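>>> no sequence on hand, only this structure:
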């Protein structure tokens, strides 16, 4: 087809099959796509729409970075889309997908539906540009939650936790929401350390933030500790995206001999800066100072023991906000149970209170998580 901007799609086997009228190869490709990614009944048209929406080219790069698209670039893209619309987009094939859940972010699938339904070549191009500007391309457009090790992997059907699921911790919630909202709005925001007792809602709060602000462009990438050294290159890659990213380090603790904490210090005060303004670090830990300290560290075997201690403590200071999540006392624990039961339509009784107390004594102590587990077990027994 001799395309100027969208020439990558000509290399696609299914596209070649359309042009060559090879129905066997075409149907193989469409079936594979429709059953794994399809969200409409117009499988071939949606396939072309998805291919275009996820194509890395000069137009998509400029659009997703928020820069202006010049008249000549738009004109060449228009010529491409007119040809694609004529030769590919209007080709019909009868295949209705099974309709299984793709696991993609609903904002992405809604945009793909809109692109698929474009009624003219001009409308198709404009919807593509709008898609690039809002969602970007590829895997970063399809999901809102990710894991990173050697590469970024999307998390389908990510956790749906909201702040309503976290009983109490009102101050902590407000600080997190205010900081994240400022981040989303392009204002100054801080890296955050959430520390405290286990099961108190630290990790759940980060998930709740994602679900609160996903439609406004927030994304979360969970990193294992061993990937901390990759933060600078990851941040550089994310700079070109239209989204705001929280790099999430869950249950973070360092031993004194670990070297990753120095890499995190450098990344947080250097490369992340007021960073591409679209990356922050949120970490959870049971430790306020992140690095395990022993009595030997305090007594000191080094000549300049205070210097060593200050180095160990300085990592936590890189987080502009440190939020403490304490375990509830006995009264607060029962109140959490009472609230969760009420949401299930169950009124607290003295017998249930005693069961809840026995549960926490046998299963990990007083915490929001323990209360939630008790209520889940109680409701299971009622069903």
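Received it, and whenever you're ready, just let me know what you need. Being a predicted model, the structure only gives us computed values, none of them experimental.
>>> which residues of the stretch 151-300 of the chain fall in strands?
Using DSSP state E, counting those that start in this stretch, the strands assigned to the stretch 151-300 of the chain run over residues 152-154, 192-196, 218-222, 244-249, 279-285.
>>> just checking: what are the partner strands of the longest one?
I take that to be strand 279-285. The pairing partners recorded for strand 279-285 under DSSP bridges are strand 192-196 (parallel), strand 244-249 (parallel).
>>> check the shortest one too.
In the sheet containing strand 152-154, the strands it pairs with under DSSP bridges are strand 145-148 (antiparallel).
>>> closest to residue 327 out of the strands of the stretch 151-300 of the chain?
For residue 327, the closest of these is strand 192-196, at 7.5 Å, according to CB to CB. Placement of C-beta: from N, CA and C, glycine included.
>>> roughly how far is the closest one from the heart of the chain?
19 Å (CA atoms, centre = their mean, to the nearest Å).
>>> what ranges in the stretch 201-350 of the chain fall below the confidence cut-off?
Low-confidence segments of the stretch 201-350 of the chain (pLDDT under 70): 256-259, 261, 269-276, 289-316.
>>> list the contacts for residue 76?
Residues in contact with residue 76 (CB atoms under 8 Å, 6 or more residues apart in numbering) are 4-5.
>>> same question but for residue 352, I mixed them up
Counted by CB under 8 Å, 6+ apart, residue 352 has contacts 337, 341, 346, 378.
>>> which strand or helix spans the first one?
Meaning residue 337. Element membership for residue 337, per DSSP states H and E: helix 330-343.
>>> and the angle from the helix or strand following that helix to helix 330-343?
Counting by DSSP H and E, the element after helix 330-343 in chain order, helix or strand, is helix 350-362. With axes from the mean of the first three to the mean of the last three CA atoms, to 10 degrees applied, the angle from helix 350-362 to helix 330-343 works out at 120 degrees.
>>> could you pull out the helices in the stretch 201-350 of the chain for me?
With DSSP state H, counting those that start in this stretch as the criterion, the stretch 201-350 of the chain has helices at 202-213, 231-238, 260-266, 295-299, 305-317, 330-343, 350-362.
>>> re the thing from before, select, out of the strands paired with strand 279-285, the one closest to residue 114.
Comparing the strands paired with strand 279-285 by CB to CB, strand 244-249 comes nearest, at 22.9 Å.
>>> figure out how far that closest one is from the centre of its chain.
7 Å.
>>> residues contacting it, please?
Strand 244-249 has contacts (CB under 8 Å, 6+ apart) with 180, 183-184, 206, 209-210, 213, 217-223, 225, 228, 231, 234-235, 238, 264, 278-284.
>>> coming back round to it: which two among the contacts of residue 352 are spaced furthest apart?
Among these, 337 and 346 lie farthest apart (CB to CB), at 10.0 Å.
>>> more crowded one of the two?
Between residue 337 and residue 346, residue 337 has the larger neighbour count (other CB atoms under 10 Å), namely 28 against 16.
>>> among the helices of the stretch 201-350 of the chain, which is the most enclosed?
Using mean count of other CB atoms under 10 Å, the stretch among the helices of the stretch 201-350 of the chain with the largest mean neighbour count is helix 202-213, at a mean of 22.
>>> run through the neighbouring helices and strands of it.
helix 170-184, strand 192-196, strand 218-222, strand 244-249, strand 279-285 (3 or more CB pairs under 8 Å, 6 or more residues apart in numbering; DSSP states H and E).
>>> thanks again, I'm all set now.
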